[in-house]
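Participant: got a predicted structure plus its sequence, pasted below:
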Amino acid sequence: MREGFVVDFFKEEIAAISDEYLRNFVVYMLQEAPDYFWEVGASSTGKYHPEYTLGKLGLAKHVKAATMILNHFFELEYFQNMFTEEERNCMRVAIMLHDRDKCGYDGSKYTVFEHPNLIAEAVRKWKGETSYLTDDQLEMIAKCCESHMGQWNTSKRSSVVLKKPHDDMTIMVHLADYLASRKDITVNFENLVTA
């Protein structure tokens with residue numbers, strides 16, 4: 001059931017990835033997402049994300065919105081010229097995966113601060129394991145995932161210091177995630193597929 005649901009829920013976002021192998025990779029990685037990815041809101045406290053991302057499917061809606069925003073940027077000639085098609089595809093995969101492990105492996109009640117590192121590690125595990133994706137592609141995706149928190153890279157509750165965006169690709173993924181988390185920006189999910 002999840003395979004069809006993932007493809008239906010992220011239909012437009014998956015279709016925007018022009019590389020068949022990257023499309024298949026993101027679908028597989030989302031199919032392997034913890035069950036809570038489809039159940040929880042984007043913000044465990046309700047403080048930091050818009051209302052449409054709270055409650056069931058909230059986290060998935062946040063990821064969909066962030067991907068939509070990134071794709072809107074890529075409609076602009078300026079950003080088409082700034083990045084290669086491969087880079088744009090890798091950024092799309094990264095934004096679709098960036099919060100996959102947000103509540104950790106065990107489904108914590110609250111956001112696990114080091115979740116950017118968890119998904120980056122999950123992506124890097126594929127290096128040398130597939131002939132379809134290059135290590136460079138996987139590294140581009142991992143770097144965008146691990147730095148998506150931007151300036152919010154430290155926490156009083158953790159000794160982990162997250163990486164900050166450091167190049168155009170990581171900045172773009174962070175910016176799309178940031179805009180999708182703003183409470184005053186609403187996304188219309190009129191025809192959204194729900195379970």
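Facilitator: That came through fine.
Participant: can you count the residues close to residue 47?
Facilitator: Using other CB atoms under 10 Å, the number of residues around residue 47 comes to 7. (Glycine included, C-beta is placed from N, CA and C.)
Participant: what's it sitting at in phi/psi?
Facilitator: Phi and psi for residue 47, reported as degrees, to the nearest 10, are phi -80, psi -30.
Participant: now do the same for it: its pLDDT.
Facilitator: Looking at residue 47, its pLDDT reads 75.
Participant: now it: how far from residue 138?
Facilitator: 33 Å (CB to CB, to the nearest Å).
Participant: got it, and residue 99?
Facilitator: 18 Å.
Participant: how about the helices in the protein?
Facilitator: For the chain, applying DSSP state H gives helices covering 2-9, 11-15, 20-31, 58-73, 77-82, 85-97, 115-124, 135-146, 168-180.
Participant: could you measure from residue 121 over to residue 51?
Facilitator: 32 Å.
Participant: residue 182 too?
Facilitator: 12 Å.
Participant: now residue 86: how far from residue 154?
Facilitator: From residue 86 over to residue 154 (counting by CB to CB), the distance is 32 Å.
Participant: for residue 58, same thing?
Facilitator: Residue 58 is 25 Å from residue 154, by CB to CB.
Participant: also residue 106?
Facilitator: Residue 106 is 23 Å from residue 154, by CB to CB.
Participant: which of these two has more neighbours?
Facilitator: residue 154 (13 against 8).
Participant: and the residue lying closest to that one once chain neighbours are set aside, how many neighbours?
Facilitator: Nearest residue to residue 154, sequence neighbours excluded (CB to CB, 6 or more residues apart in numbering): residue 161, at 5.7 Å. Residue 161: 10 surrounding residues under other CB under 10 Å.
Participant: backbone phi and psi for residue 161, please?
Facilitator: phi -110, psi 110.
Participant: my guess is residue 25 meets residue 93, correct?
Facilitator: Yes - contact criterion CB atoms under 8 Å: residue 25 and residue 93 qualify, at 6.5 Å.
Participant: what residue of this structure is the furthest out?
Facilitator: residue 156 (24.3 Å; CA atoms, centre = their mean).
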